[in-house]
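J.: Here is a sequence together with a model predicted from it:
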Amino acid sequence: MTVPSLVRYGTFPAVMALVISGVAWAPSRSMPLAWLAGLVACGLAAVALLERWFPFNPRWQAPDRDFPADVAHAVVNLLVMHAAVLGFVFLRGWVGWEGVWWPSDWPFLAQVFLAGVPLDLSLYAVHRMSHRYDFLWRLHSIHHSSRRLYWLNGERRHPVHAVLMAGPGLVALGVLGTPADVVGGWFVILAVHLAFQHANLDYRLGPLRYLVGVAEVHRWHHRERFADAQVNFGEFWMLWDHWFGTFHRPSALLGPIGIEGDPVPHRYREQLVYPFLPDPPHADRA
């Protein structure tokens, strides 16, 4: 097998296996949150380097005027993710809530993937609603406005929208009594997966693309015409798309991505304000 073929079919499984193995080892670390943060940094760096060497679209390699905003989004949203885990620690101690039920006797990694189920369903549900309701779309349109896809796009989200997407799932896990390090473990896996999902990397997952939301199916969700983007909402699992009838296997050329008319501003501060303007330019979903 040639090197490009090894990268194309082996990159995602290899990197994700290493990240998941690192998550499984987290309970043995004296500072698990710092360990999890280091895993995210290493995973993102791996995706960033790989897409430089094996790009899906060479034209997407050149930094554009959105790059500084993308960096800001990534820093802020990864900090929000870290704060969510710390918030779990604080609230559990302050309220003294033990939870309704949580299988704490399960292996740690099994608990992590169990926690991912309500979180992923929450992300899918709010994501889909964000394509239907105007205010949610204004928040979400920042994610869709990029004219190229690459590893940083996974965190290109308005922080309010990031909280709204994960909020229902986090509440459900809080009621169940999920430990904070379990939630943190899933966030690590999800953060690296989202980098892969939006990466400008020429990789494939074969039949597993029907199960996991990798780039080859998710790119279609970013097509420029809004009518073409109402498919493949899944963040990690594609099961929700299959069950609710939104899965689509791409059968044509990708074409341009972004939003028709390019209505979203390109600077980070302006993007934060954009959804709250009384009449944002071209904020409709036509």
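T.: Now that the structure is in, tell me what you want to look at.
J.: Look up how far N153 lies from the residue lying closest to D66 once chain neighbours are set aside.
T.: Nearest non-adjacent residue to D66, counting by CB to CB, 6 or more residues apart in numbering: H266, 5.2 Å away. Using the backbone N, CA and C atoms, a C-beta is placed for each residue, glycine as well. The gap separating H266 from N153 is 14 Å, by CB to CB, to the nearest Å.
J.: just checking, what packs against the longest helix along the chain?
T.: Ranked by residue count, the top helix of the chain under DSSP state H comes out as helix 67-95. When contacts are defined as 3 or more CB pairs under 8 Å, 6 or more residues apart in numbering; DSSP states H and E, helix 67-95 packs onto helix 32-53, helix 159-176, helix 180-197, helix 268-273.
J.: immediately after the third one, which helix or strand?
T.: Which is helix 180-197. helix 215-218 (DSSP states H and E).
J.: Give me the distance from that next one to the chain's centre.
T.: Between the centre of helix 215-218 and the centre of its host chain there is 13 Å, according to CA atoms, centre = their mean, to the nearest Å.
J.: Can you list the buried residues in that helix?
T.: Using 16 or more other CB atoms under 10 Å as the burial criterion, the residues of helix 215-218 that qualify are A215, E216, V217, H218.
J.: Show residues contacting it.
T.: The contact list for helix 215-218, computed with CB atoms under 8 Å, 6 or more residues apart in numbering, reads 56, 149, 196-199, 201, 203-205, 209, 232, 234, 238, 247-250.
J.: Distance check, N77 against R59.
T.: Relative to R59, N77 is positioned 26 Å away (criterion: CB to CB).
J.: So for these two, which sits in the more crowded spot?
T.: Between N77 and R59, counting by other CB atoms under 10 Å, N77 is the more crowded of the two (21 against 9).
J.: what separates that one from A125, distance-wise?
T.: Using CB to CB, one obtains 19 Å as the distance from N77 to A125.
J.: Repeat that for A72.
T.: Computed as CB to CB, the A72 to A125 distance reads 27 Å.
J.: one step back: which of the helices and strands packed on helix 67-95 sits most buried?
T.: helix 180-197 (a mean of 25; mean count of other CB atoms under 10 Å).
J.: hmm, back to that, any idea how many residues pack against the residue nearest to D66?
T.: H266, neighbours per other CB under 10 Å, totals 17.
J.: Can you tell me the SS state at L6?
T.: Of the three states, L6 takes helix under DSSP: H, G, I helix; E, B strand; the rest coil.
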